[in-house]
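Asks: 3D, please:
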Amino acid sequence: MKRKNPLIPLALFLIAFFLINIYTLSGLQFLSGSPILPLIFWAVIASLSAALIIAFKRIQTNGMDQFFKIISHAFLIIVVSELVFAIFLLPGDVYRLILHQPRKYSWVVFASAMLIFTILIFVYGMLRGKYAYRVIRHTLEFEDLPAAFDGFTITQISDVHAGSFHNRKAVKKGIDLIHKQQSDLFVFTGDLVNNKASEIVPWMDLFSTIKAPFGQFSVLGNHDYGDYVKWESEANKRANLEQLKSLHGQMGYRLLLDEHVKLEKDGQSIILAGVENWGLGFGQRGDLRKALAGVNPVAFKVLLSHDPTHWESEVKQLASKVHLTLAGHTHGMQFGLEAFGVKWSPVKYRYAHWAGIKEDQGRYLNINRGFGFIGFSGRVGIWPEITVITLKRKV
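Replies: Below you'll find the predicted structure:
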């Protein structure tokens, strides 16, 4: 297979970035009329671009340090804000060109207001939005749910990414919100850390306070295996994973590694299974058949599997029906819009279903939007989620 040239998408991005900057400047210059504005504008863009190149070069020695985070986030805000400006300015420009009219001042003012609004909402997302925890509730009905589990509640969180946290007070508010749910069962569906087990250590005292009558259970996500950083040796990488597994136990979480447990209540039971990470493009380590070995095919089953592509590719086709699969992984890309009946995020172009409940012939999938954040140190429109699912017996 012929390898794609990585320079092609980079060249296309640079061309698009240059054109958007020209268009943005034309609008700003229309409002300002200042002869020095173009000089200031291009000086800022050139300086930021140069700083971004330096920041990427420093990754080899310094990793994604504070300098990288500041520059990359500033670049992201400018690119997205200019794109919003262009989107709102373009219809007016097309209209005036068709009618052979001059550019309207009011239309440029409106586009500029949207640019400023975009910058402000990104700043909010970085300062407050990433810790703006929401409880999202779902009630699911099943004809074959054991009667003893009618009304059984499950609290799910996913994608903690502890290495990204820096506000202990804010994280504690999220943990306190989990406590308030008083669910029967607590589950965590992977990506406890960004790369290294040590990242969760400063936060273990908070997460270990989470308790539920039927226990606390967890699985691993793609980031938990340490695949995205360089290790001195494979032995060190394996040791890091073993340490992380141990820390799950120290927090009071039963880590399910291609295995299942039976939850019993009033003489009846349901199966809770968990697999290692299985995802298209992110490693297919999990073994679902091993996890369900010895389970009665007609038993009611809940599965913890970090990546929702596992459900699409294997779980929902399995002969032994898995009634409910709980996943995470997508984060809703930490950016989008969920309001006024609109549900949109750029992540939809990678995952058709990227958050919430999906059903296929009585088999349900829930994708949690994530408790933490990674990459972009913020959340805009897609807030951190605590899911509470109530199981009901359909009469």
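Asks: list the buried residues for the host helix or strand of residue 17?
Replies: For residue 17, the host element (DSSP states H and E) is helix 7-32. Going by neighbour count (16 or more other C-beta atoms under 10 Å), the buried part of helix 7-32 is 17, 20, 21, 23, 24, 25, 27, 28, 30. Glycine gets a C-beta too; all of them are placed from N, C-alpha and C.
Asks: stretch 67-75 too?
Replies: Those buried within stretch 67-75 under the rule 16+ other C-beta under 10 Å are 68, 69, 71, 72, 73, 75.
Asks: the helix or strand following the helix holding residue 17 packs against which elements?
Replies: Moving toward the C-terminus from helix 7-32, the next helix or strand (DSSP H and E) is helix 37-62. Here helix 37-62 touches helix 7-32, helix 66-99, going by 3 or more C-beta pairs under 8 Å, 6 or more residues apart in numbering; DSSP states H and E.
Asks: report the rounded mean pLDDT for helix 37-62.
Replies: For helix 37-62, mean pLDDT rounds to 86.
Asks: would you mind getting the angle between it and helix 66-99?
Replies: Helix 37-62 runs at 140 degrees relative to helix 66-99, counting by axes from the mean of the first three to the mean of the last three C-alpha atoms, to 10 degrees.
Asks: start at 54, not 1
Replies: Renumbered: residue one is now 54, and that last one reads helix 90-115.
Asks: dump the buried residues of stretch 120-128 to a markdown table, plus pLDDT.
Replies: Output for the buried residues of stretch 120-128, formatted as a markdown table (pLDDT from 0 to 100):
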| residue | pLDDT |
| --- | --- |
| 121 | 84 |
| 122 | 84 |
| 124 | 90 |
| 125 | 87 |
| 126 | 90 |
| 128 | 90 |
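Asks: follow-up on the earlier one: would you format the helices and strands packed on helix 90-115 as a markdown table with distance to residue 332 included?
Replies: A markdown table is the format used below for the helices and strands packed on helix 90-115 (distance: least, C-beta to C-beta, whole Å):
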| stretch | distance to residue 332 |
| --- | --- |
| helix 60-85 | 23 |
| helix 119-152 | 25 |
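Asks: residue 380 is nearest to which of those helices?
Replies: Of all the helices and strands packed on helix 90-115, the one in closest proximity to residue 380, counting by C-beta to C-beta, is helix 119-152 (26.5 Å).
Asks: helices and strands around that closest one, which ones?
Replies: Against helix 119-152 (3+ C-beta pairs under 8 Å, 6+ apart) you get helix 60-85, helix 90-115, helix 158-180.
Asks: do you know which of the ones you listed lies nearest residue 387?
Replies: helix 158-180 (7.9 Å).
Asks: chain neighbours aside, what residue packs nearest to the most centrally placed residue in the chain?
Replies: Central residue of the chain (C-alpha atoms, centre = their mean): residue 384, 1.3 Å from the mean position. Of all residues not flanking residue 384 in the chain, residue 423 sits nearest, at 4.3 Å (C-beta to C-beta, 6 or more residues apart in numbering).
Asks: now the terminal residues of stretch 315-335, how far apart.
Replies: For stretch 315-335, the first and last residues are 29 Å from each other (C-alpha to C-alpha, to the nearest Å).
Asks: circling back: mean confidence for the helix holding residue 70?
Replies: On average, helix 60-85 scores 88.
Asks: now the angle from it to helix 119-152?
Replies: Using the same axes, to 10 degrees, helix 60-85 lies at 70 degrees relative to helix 119-152.
Asks: check which helices and strands helix 60-85 sits against.
Replies: Packed against helix 60-85 by the contact rule (3+ C-beta pairs under 8 Å, 6+ apart) you find helix 90-115, helix 119-152, helix 158-180.
Asks: how far off centre is that helix?
Replies: 29 Å (C-alpha atoms, centre = their mean, to the nearest Å).
Asks: again with stretch 175-191
Replies: Centroid separation for stretch 175-191 versus its chain: 12 Å, with C-alpha atoms, centre = their mean.
Asks: ranges for the strands of the stretch 204-353 of the chain?
Replies: Ranges of strands in the stretch 204-353 of the chain, per DSSP state E, counting those that start in this stretch, are 205-210, 238-242, 269-272, 307-308, 312-318, 321-327.
Asks: possible to save the helices and strands packed on helix 60-85 as a markdown table with distance to residue 283?
Replies: Compiled in a markdown table, these are given as follows (distance: least, C-beta to C-beta, whole Å):
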| stretch | distance to residue 283 |
| --- | --- |
| helix 90-115 | 9 |
| helix 119-152 | 16 |
| helix 158-180 | 28 |
